[in-house]
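S.K.: sequence plus predicted model, see below.
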Amino acid sequence: MADKGEDGRDVGRGSNLRTLYGVTALQLGSAFILVQAGPKLVMEKYGPGRMGSALSTLNQMAAGAAALELVLNPLLGRLSDQYGRKPVLLLGPLSTVLLRSLVAGRPTLTSIVLGRVVAGALLASYVTTASTMVADLESHKGSAAVAGATGRLYASIGVSVVVGALAGGVMTQRNAVLPYRASAAMGAICFALIALFLRETKQGAPPSSQASSLLDLLNPTKFIRLFTRSYRLGVLAAVSALQQAPVWMGDMWAVHGAHARGWGPPEMARFQAFMGLSNILSGVLCGAVVKRLGSEMFSKTMNALSIMAYAGFSVASSSPIVYASQVLNILPMQRSSAVNALLLEEGAAQGMGAGEVSAYKANLIAVVKIVAPLMYGWLFAFGQKRGMAGLPYASVCAVLLAAHAAMSTLSPEDWKATKQKAEANQPEADQCSNCQDEG
């Protein structure tokens, strides 16, 4: 039996969440420390006169990582449901150690691309699995609690953004290879902490109970099941994908900052740090705001604020306008948190495991991550020739308007009924999936 506090709270769950937040900050920090170093190394390989080619390569790297996610996510999601979250979580820091060390020792374009694609795909899987662990620990409290705990997970990622961006900016100015060495060391520490201190949150089902062929597990189109199980599940999945589309601009932020505002690594590092601070604040406040507004009002209000923020980004020709727009976008950085929590609940109501739903959603997002960087890169090149370099940001407004339209098709009852339906239809074994710490 896990230890209980005086108020009956499960101390084991709380300590496991804090451990998860800490190792996630470290693992994501190993990626954010490369925010300036990766684009700089690629641009150095192409030379100053071939910025378009460098941006194309950077976007293709992001698309390649997303394509690999399409293949890996169904397999890793099923494995996390079957054998536990922890083994899948360890793949992220392991790939960080191996692939960042490769670039640090031999910084060729090939090693940079390989590291970005493979480590990027497994990093995304790490975040998906970590989010599923949060749901394992908090789902018994309801969707608002899951959204709040997930917000705190992303707040820990915000810490890694701040520290990683500032430290990476300083190191990149000295030598763009230095952040890769630091990233490999952070990955090694993260691997050790997860292996030694993070406890499993999901009891693995016997392999025979979820047997599938390898071909079925590697099927990259299984996310379509999100749209065939129920109307509500399909709408929530579509909204989640559309609301997250603005995030996947790849390295266009760095290239656009250098082109439109003359930003170098120090300016980019400061703005990345400001984004990280925004993410921390957004993550900390998310749960309370969801509880106060409700899932529907929260999702629609944050979506509307994001539209206004990206409209500001699209016309920003100076740093003050960029920062003012980001201030407007602070709370909306968690705009999809309530929808994602409801998505897990509706998936449970349809008899799907949390890892399975998370993997299918991650696969859907992977499709967006393939298309979005290529689309944004094309829009940037198209707009740059016509004096409209902010065109990619204007397109984000259209994407978020589509998300708003999709949300409007759900009735107030649809927003409220998901939890009750999940509890009514959830198998008894699944209801106890979070009981490992309680003996």
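M.R.: Sure thing, it's come through. Numbers count the residues shown, from 1 in each chain.
S.K.: ranges for the helices of the stretch 301-439 of the chain?
M.R.: 319-328, 337-349, 354-385, 391-407, 412-425, 428-431 (DSSP state H, counting those that start in this stretch).
S.K.: what comes up buried for the third one?
M.R.: For helix 354-385, the buried set under the neighbour-count rule, 16 or more other C-beta atoms under 10 Å, comprises 354-370, 372-377, 379-380, 383-384. Where C-beta positions appear, they are placed from N, C-alpha and C, glycine not excepted.
S.K.: could you export the helices of the stretch 301-439 of the chain as JSON lines, including distance to Pro39 and mean pLDDT?
M.R.: JSON lines is the format used below for the helices of the stretch 301-439 of the chain (distance: least, C-beta to C-beta, whole Å; pLDDT from 0 to 100):
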{"stretch": "helix 319-328", "distance to Pro39": "18", "mean pLDDT": "89"}
{"stretch": "helix 337-349", "distance to Pro39": "29", "mean pLDDT": "89"}
{"stretch": "helix 354-385", "distance to Pro39": "13", "mean pLDDT": "80"}
{"stretch": "helix 391-407", "distance to Pro39": "16", "mean pLDDT": "93"}
{"stretch": "helix 412-425", "distance to Pro39": "40", "mean pLDDT": "59"}
{"stretch": "helix 428-431", "distance to Pro39": "44", "mean pLDDT": "34"}
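S.K.: any chance of a markdown table for these, columns distance to Pro220?
M.R.: Output for these, formatted as a markdown table (distance: least, C-beta to C-beta, whole Å):
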| stretch | distance to Pro220 |
| --- | --- |
| helix 319-328 | 34 |
| helix 337-349 | 19 |
| helix 354-385 | 7 |
| helix 391-407 | 22 |
| helix 412-425 | 27 |
| helix 428-431 | 26 |
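S.K.: to Tyr126, which of the ones you listed lies closest?
M.R.: Closest to Tyr126 of the helices of the stretch 301-439 of the chain, according to C-beta to C-beta: helix 354-385, at 10.7 Å.
S.K.: which elements pack onto that closest one?
M.R.: helix 51-83, helix 120-138, helix 231-244, helix 252-261, helix 337-349, helix 391-407 (3 or more C-beta pairs under 8 Å, 6 or more residues apart in numbering; DSSP states H and E).
S.K.: identify, out of the ones you listed, the most deeply packed stretch.
M.R.: helix 337-349 (a mean of 28; mean count of other C-beta atoms under 10 Å).
S.K.: so which of the helices of the stretch 301-439 of the chain comes closest to Tyr231?
M.R.: Among the helices of the stretch 301-439 of the chain, helix 412-425 sits nearest to Tyr231 (C-beta to C-beta), with 8.6 Å.
S.K.: circling back: out of the helices and strands packed on helix 354-385, flag the one nearest Ile307.
M.R.: Across these, closest to Ile307 is helix 391-407 (C-beta to C-beta), at 4.9 Å.
S.K.: on contacts alone, who are the packing partners of the closest one?
M.R.: helix 231-244, helix 295-315, helix 354-385.
S.K.: Trp263 contacts Gln272, correct?
M.R.: No: using C-beta atoms under 8 Å, Trp263 is not in contact with Gln272, being 10.6 Å away.
S.K.: so these two - more neighbours on which side?
M.R.: Taking other C-beta atoms under 10 Å, Trp263 and Gln272 do not tie; Gln272 has more neighbours (24 against 20).
S.K.: re earlier: out of the helices of the stretch 301-439 of the chain, nearest to Val88?
M.R.: Among those, helix 354-385 sits nearest to Val88 (C-beta to C-beta), with 8.3 Å.
S.K.: distance of Gly184 relative to Ala176?
M.R.: Just to correct that, residue 184 is Ala rather than Gly. 15 Å (C-beta to C-beta, to the nearest Å).
S.K.: which of the two has more residues huddled nearby?
M.R.: Neighbour count, other C-beta under 10 Å: between Ala184 and Ala176, Ala176 has more, with 24 against 21.
S.K.: what distance do you get for the more buried one to His404?
M.R.: In terms of C-beta to C-beta, Ala176 sits 41 Å off from His404.
S.K.: check Val368 too.
M.R.: 17 Å.
S.K.: likewise for Ala155?
M.R.: Distance from Ala155 to His404, by C-beta to C-beta: 25 Å.
S.K.: Gly355 now?
M.R.: 30 Å.
S.K.: could you do Met186 as well?
M.R.: 38 Å.
S.K.: now swap in Ser306 and tell me
M.R.: With C-beta to C-beta as the criterion, Ser306 and His404 are 10 Å apart.
S.K.: number of nearby residues for Met388?
M.R.: Using other C-beta under 10 Å: Met388 sits among 15 other residues.
S.K.: between the helices and strands packed on helix 391-407, which one is nearest to Cys190?
M.R.: Comparing those by C-beta to C-beta, helix 354-385 comes nearest, at 20.1 Å.
S.K.: the closest one to helix 295-315, inter-axis angle?
M.R.: Calculated by axes from the mean of the first three to the mean of the last three C-alpha atoms, to 10 degrees, helix 354-385 forms an angle of 30 degrees with helix 295-315.
S.K.: how far off centre is helix 354-385?
M.R.: 12 Å (C-alpha atoms, centre = their mean, to the nearest Å).
S.K.: same thing with stretch 377-393?
M.R.: For stretch 377-393, the distance to the chain centre is 26 Å (C-alpha atoms, centre = their mean).
S.K.: how long is it end to end?
M.R.: Using C-alpha to C-alpha, to the nearest Å, one end of stretch 377-393 lies 11 Å from the other.
S.K.: regarding Asn173, what is its secondary structure?
M.R.: One correction, residue 173 is Gln, not Asn. Secondary structure, DSSP: H, G, I helix; E, B strand; the rest coil: Gln173 is helix.
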